[in-house]
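K.L.:
Return atomic coordinates for the entry below.
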Amino acid sequence: MVSGKVEERKLDRKLRMGMVGGGRDAFIGAVHRRAAMLDGGVELVAGAFSSTREKSKLSGRDLYLSDDRVYGSWQELIEQEAKRPPEQRLDFISIVTPNHTHYAIARACLEAGFHVVCDKPMTTNLADARALIAAVERTGLVFAVTHNYSGYPMVRQARFMVQQGQLGRVQKVVVEYPQSWLLTKIEDAGQKQAVWRQDPQRAGISSCMADIGVHAEQLARYITGLEIEELCADLTTFVPGRLLEDDGSVLIHYVGGARGILYASQISTGAENGLAIRVYGTQGAIEWHQEEPNHLHFRPAEGPEQVLKRGNGYLCPAAQRASRLPSGHPEAFIEAFANIYLNVTDTIRARLLGREPTELEADFPTVYDGALGVHFIEKVVESARSNQKWTPARWVPQA
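P.N.:
Predicted coordinates for the structure are as follows:
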């Protein structure tokens, strides 16, 4: 793997990680832990894993953690860990809780001096997102949002090709994210992940768009660098009795004239995790599918289609850095997630060593990307509720 690291000085220890959420039976918490520790530079040493002390302690024992570093609440975790001496103190805290808790936990972590990795969406409203931007800028701490799909090697290759002008001027972006897991009202049977995602008190103003539509938007923005000018959204709740949408479609006008289509759905029968993107330029097009992530299709305007494959030396440095195995050996979801953690933790190490991170190390979604995602969700909901055709959606840094 191409490291992109500065080798003059190395930190002589692993980074110490804490976690809020992600206890027993929590899918995404286990993914975060495996991804963070995949490259051997991080150890999980503390956590508040569940909403009750008893459940948190059980999860801590599952993970072989010292009982005195497993807490009954996130408040206790932050308070007690902040008191520890430098040689024991956590370096960063990963937040993998339902949406409505992200802001308070992240803000408290920053105030206590901990770097933060936060699941998406970063907050449930834009005012809180802007407050986190202000806190990050004031403290100077590292803040990452786990838009993990930008960690795939061939997504980074796609971004490089757009930046290098190999597609010419981008004219059309089509991004989709179909799933089928909410085709029936499984929340009534107590399915944990469905219950909170369909609860406005915990999910916020959106379900489908806040859960997966925001991933699709971030993927398109990461690859193309395009900024949304205005959008026209249609959100639908197909399953009777739900309070939030389970399907949505968005037409997008980008700054500069490009056009986009974004579709996210959790009731698309037979779909599993079908995130895919197609970008069409004046000189060529690219296509990538998350379920076949090791290939990137490039179609030049003049010439035959090319299939670029992960793990090869002809790829850009960012794509090579994000690969761990030789070509022909598939890499996928955990590794892409791990690439976000790798760059975040390398950036934290750089700070601890008193240097600026390299461009490759600093390639991860930040607090600004998190705020843009929240802004997108709010504008989509605003548009869907409006009778006008187009809703202005350009991001204003200061409001």
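K.L.:
ok, now which ones touch residue 272?
P.N.:
For residue 272, the contacting residues are 179, 180, 291, by Cβ atoms under 8 Å, 6 or more residues apart in numbering. For glycine as for every other residue, the C-beta is placed from the backbone atoms N, C-alpha and C.
K.L.:
count of neighbours near the first one?
P.N.:
This means residue 179. Neighbourhood size, residue 179 [other Cβ atoms under 10 Å]: 20.
K.L.:
from what I can see it touches residue 263, true?
P.N.:
No: contact between residue 179 and residue 263 fails when scored by Cβ atoms under 8 Å: they sit 11.4 Å apart.
K.L.:
can you give me the helices for the stretch 251-399 of the chain?
P.N.:
Taking DSSP state H, counting those that start in this stretch as the criterion, the stretch 251-399 of the chain carries its helices at 317-321, 333-352, 367-385.
K.L.:
typo on my end, the stretch 1-150 of the chain
P.N.:
Going by DSSP H, counting those that start in this stretch, the stretch 1-150 of the chain shows helices at 27-37, 53-62, 74-82, 102-111, 126-139.
K.L.:
Tell me which of those helices lies nearest to residue 344.
P.N.:
helix 27-37 (8.7 Å; Cβ to Cβ).
K.L.:
chain center to that closest one: distance?
P.N.:
13 Å (Cα atoms, centre = their mean, to the nearest Å).
K.L.:
can you list the residues that contact it?
P.N.:
So helix 27-37 is contacted by 17, 19, 21-23, 42-44, 49, 63, 94, 96, 117, 119, 146, 148, 193, 333-335, 337-338, 340-341, 345 (Cβ under 8 Å, 6+ apart).
K.L.:
of those residues, buried ones?
P.N.:
Among the contacts of helix 27-37, those classed as buried by 16 or more other Cβ atoms under 10 Å are 17, 19, 21-23, 42, 44, 49, 63, 94, 96, 117, 119, 146, 148, 193, 333, 335, 337-338, 340-341, 345.
K.L.:
how about the strands of the stretch 51-200 of the chain, start to end?
P.N.:
92-96, 115-118, 143-145, 170-178 (DSSP state E, counting those that start in this stretch).
K.L.:
who's in contact with residue 283?
P.N.:
165, 166, 167, 168, 300, 301.
K.L.:
Quick check, pLDDT for the nearest residue to it once chain neighbours are set aside.
P.N.:
Once flanking residues are discounted, residue 283 sits nearest to residue 168: 3.2 Å by Cβ to Cβ, 6 or more residues apart in numbering. pLDDT, residue 168: 98.
K.L.:
Residue 168 contacts residue 282, correct?
P.N.:
Yes: shown here, residue 168 and residue 282 form a contact pair, counting by Cβ under 8 Å, at 3.5 Å.
K.L.:
Find residues that contact each of these two.
P.N.:
Joint contacts of residue 168 and residue 282 (Cβ under 8 Å, 6+ apart) are residue 301.
K.L.:
ok, the two, which is more surrounded?
P.N.:
When neighbours are counted by other Cβ under 10 Å, residue 168 and residue 282 differ, and residue 168 comes out ahead with 15 against 12.
K.L.:
which residue is nearest the middle of this structure?
P.N.:
The centroid of the chain falls nearest to residue 147 when counting by Cα atoms, centre = their mean (1.4 Å).
K.L.:
For residue 96, see how far away that one is.
P.N.:
In this view, residue 147 and residue 96 are 14 Å apart by Cβ to Cβ, to the nearest Å.
K.L.:
so what pLDDT did residue 397 get?
P.N.:
Per the predicted model, pLDDT is 85 at residue 397.
K.L.:
Of all the helices of the stretch 251-399 of the chain, which one comes closest to residue 258?
P.N.:
That would be helix 367-385 among those, by Cβ to Cβ, at 16.1 Å.
K.L.:
Could you list the residues in contact with that closest one?
P.N.:
118, 120-126, 128-130, 132-133, 136, 143, 145, 147, 204-206, 209-210, 213-214, 217-218, 221, 228, 231-235, 245, 248, 250, 390-391, 393, 395.
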